[in-house]
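**Student:** everything below, folded, please.
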Amino acid sequence: MADKKMYKKKILVVDDEKSIRNLVKRFLGQYYTVLEAENGEVAIDIARHEKPDLILLDIMMPKLDGYSACYAIKADKVTSAIPVVMLTALNSELNHKLAQGIGADGYITKPFSVQKLLDTINQFLEYPK
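**Tutor:** Residues are numbered from 1 along each chain as shown. Sure, this is the predicted structure:
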(Lines give C-alpha, C1' and ligand atoms only; values in the text may rest on other atoms or scores of the structure.)
Protein backbone atom coordinates (compact mmCIF):
# COMPACT_ATOMS: atom_id res chain seq x y z
CA MET A 1 0.00 0.00 0.00
CA ALA A 2 1.35 3.44 -0.94
CA ASP A 3 2.42 5.82 1.78
CA LYS A 4 -0.29 8.46 2.26
CA LYS A 5 2.26 11.25 2.64
CA MET A 6 3.46 10.62 -0.92
CA TYR A 7 0.03 11.47 -2.34
CA LYS A 8 -0.64 15.17 -2.69
CA LYS A 9 -4.26 16.13 -3.15
CA LYS A 10 -5.00 17.81 -6.48
CA ILE A 11 -6.50 21.26 -6.87
CA LEU A 12 -7.61 22.52 -10.28
CA VAL A 13 -7.22 26.30 -10.65
CA VAL A 14 -9.36 27.71 -13.46
CA ASP A 15 -8.79 31.33 -14.47
CA ASP A 16 -8.21 33.03 -17.80
CA GLU A 17 -5.55 35.24 -16.18
CA LYS A 18 -2.24 33.40 -16.05
CA SER A 19 -1.05 35.74 -13.27
CA ILE A 20 -3.89 34.55 -11.00
CA ARG A 21 -3.16 30.90 -11.77
CA ASN A 22 0.54 31.48 -11.03
CA LEU A 23 -0.24 33.29 -7.78
CA VAL A 24 -2.53 30.51 -6.52
CA LYS A 25 -0.03 27.87 -7.63
CA ARG A 26 2.72 29.63 -5.69
CA PHE A 27 0.56 29.69 -2.54
CA LEU A 28 -0.68 26.11 -2.81
CA GLY A 29 2.06 24.26 -4.68
CA GLN A 30 3.97 23.23 -1.57
CA TYR A 31 0.87 21.52 -0.15
CA TYR A 32 -1.05 20.33 -3.19
CA THR A 33 -0.57 19.24 -6.78
CA VAL A 34 -1.93 22.23 -8.70
CA LEU A 35 -3.53 21.68 -12.11
CA GLU A 36 -4.39 24.64 -14.33
CA ALA A 37 -7.04 25.52 -16.91
CA GLU A 38 -7.55 28.81 -18.75
CA ASN A 39 -11.30 28.43 -19.40
CA GLY A 40 -14.37 26.41 -18.49
CA GLU A 41 -14.13 24.02 -21.44
CA VAL A 42 -10.62 22.94 -20.47
CA ALA A 43 -11.68 22.75 -16.80
CA ILE A 44 -14.45 20.26 -17.53
CA ASP A 45 -12.08 18.08 -19.54
CA ILE A 46 -9.39 18.12 -16.83
CA ALA A 47 -11.98 17.49 -14.10
CA ARG A 48 -13.26 14.38 -15.93
CA HIS A 49 -9.79 12.94 -16.59
CA GLU A 50 -7.80 14.00 -13.52
CA LYS A 51 -10.60 14.00 -10.91
CA PRO A 52 -9.10 16.75 -8.73
CA ASP A 53 -9.95 16.88 -5.03
CA LEU A 54 -11.15 20.50 -5.35
CA ILE A 55 -11.72 23.08 -8.11
CA LEU A 56 -11.11 26.83 -7.77
CA LEU A 57 -13.17 28.38 -10.57
CA ASP A 58 -13.28 31.92 -11.92
CA ILE A 59 -16.61 33.14 -13.28
CA MET A 60 -15.75 35.59 -16.07
CA MET A 61 -13.81 33.63 -18.71
CA PRO A 62 -13.87 33.23 -22.49
CA LYS A 63 -15.29 30.17 -24.30
CA LEU A 64 -17.22 28.85 -21.28
CA ASP A 65 -17.82 30.92 -18.15
CA GLY A 66 -17.50 29.63 -14.60
CA TYR A 67 -21.25 29.33 -14.01
CA SER A 68 -21.65 27.07 -17.05
CA ALA A 69 -18.56 25.05 -16.16
CA CYS A 70 -19.71 24.60 -12.54
CA TYR A 71 -23.15 23.49 -13.71
CA ALA A 72 -21.62 20.96 -16.13
CA ILE A 73 -19.21 19.62 -13.48
CA LYS A 74 -21.99 19.22 -10.91
CA ALA A 75 -24.36 17.62 -13.46
CA ASP A 76 -21.81 14.96 -14.50
CA LYS A 77 -21.86 11.84 -12.29
CA VAL A 78 -18.09 11.45 -12.77
CA THR A 79 -17.32 14.91 -11.34
CA SER A 80 -20.39 15.87 -9.29
CA ALA A 81 -18.80 15.13 -5.90
CA ILE A 82 -15.79 17.40 -6.49
CA PRO A 83 -16.10 20.56 -4.36
CA VAL A 84 -16.17 23.71 -6.52
CA VAL A 85 -15.18 27.04 -5.01
CA MET A 86 -15.80 30.13 -7.12
CA LEU A 87 -12.80 32.48 -7.09
CA THR A 88 -13.97 35.70 -8.67
CA ALA A 89 -13.94 39.49 -8.72
CA LEU A 90 -17.76 39.50 -8.74
CA ASN A 91 -18.68 40.55 -5.23
CA SER A 92 -22.45 40.87 -5.24
CA GLU A 93 -24.98 38.84 -3.28
CA LEU A 94 -26.75 38.00 -6.55
CA ASN A 95 -23.59 36.40 -7.99
CA HIS A 96 -23.05 34.48 -4.77
CA LYS A 97 -26.65 33.17 -4.77
CA LEU A 98 -26.44 32.24 -8.46
CA ALA A 99 -23.21 30.30 -7.82
CA GLN A 100 -24.85 28.44 -4.92
CA GLY A 101 -27.90 27.74 -7.05
CA ILE A 102 -25.86 25.94 -9.71
CA GLY A 103 -23.98 23.86 -7.16
CA ALA A 104 -20.89 25.82 -6.11
CA ASP A 105 -19.72 24.76 -2.67
CA GLY A 106 -17.86 27.96 -1.78
CA TYR A 107 -17.21 31.53 -2.91
CA ILE A 108 -14.08 33.68 -2.56
CA THR A 109 -13.80 37.20 -3.95
CA LYS A 110 -10.68 38.75 -5.45
CA PRO A 111 -8.53 40.21 -4.14
CA PHE A 112 -8.16 37.43 -1.58
CA SER A 113 -5.73 36.72 1.22
CA VAL A 114 -3.69 33.53 1.38
CA GLN A 115 -5.32 32.79 4.73
CA LYS A 116 -8.85 33.14 3.28
CA LEU A 117 -7.88 30.83 0.42
CA LEU A 118 -6.40 28.21 2.76
CA ASP A 119 -9.30 28.48 5.23
CA THR A 120 -11.83 27.91 2.44
CA ILE A 121 -9.89 24.98 0.97
CA ASN A 122 -9.57 23.47 4.45
CA GLN A 123 -13.36 23.38 4.75
CA PHE A 124 -13.27 20.69 2.04
CA LEU A 125 -9.82 19.10 2.25
CA GLU A 126 -7.76 18.02 5.22
CA TYR A 127 -4.76 20.30 5.53
CA PRO A 128 -1.60 18.36 4.59
CA LYS A 129 0.92 17.71 7.34
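
**Student:** going forward, measure contacts between C-alpha atoms and count neighbours the same way
**Tutor:** Noted.

**Student:** who does the helix or strand containing D119 touch, helix- and strand-wise?
**Tutor:** Secondary structure assignment for D119, by DSSP states H and E: helix 114-122. Secondary-structure packing of helix 114-122 (3 or more CA pairs under 8 Å, 6 or more residues apart in numbering; DSSP states H and E): strand 106-109.

**Student:** mind checking how far the strand it packs on is from the chain centre?
**Tutor:** Strand 106-109 sits 10 Å away from the centroid of its parent chain (CA atoms, centre = their mean, to the nearest Å).

**Student:** that one: partners in the sheet, and parallel or antiparallel?
**Tutor:** As defined by DSSP bridges, the strand partners of strand 106-109 come to strand 84-88 (parallel).

**Student:** got the angle for the strand it pairs with vs helix 114-122?
**Tutor:** On the basis of axes from the mean of the first three to the mean of the last three CA atoms, to 10 degrees, strand 84-88 is oriented at 160 degrees to helix 114-122.
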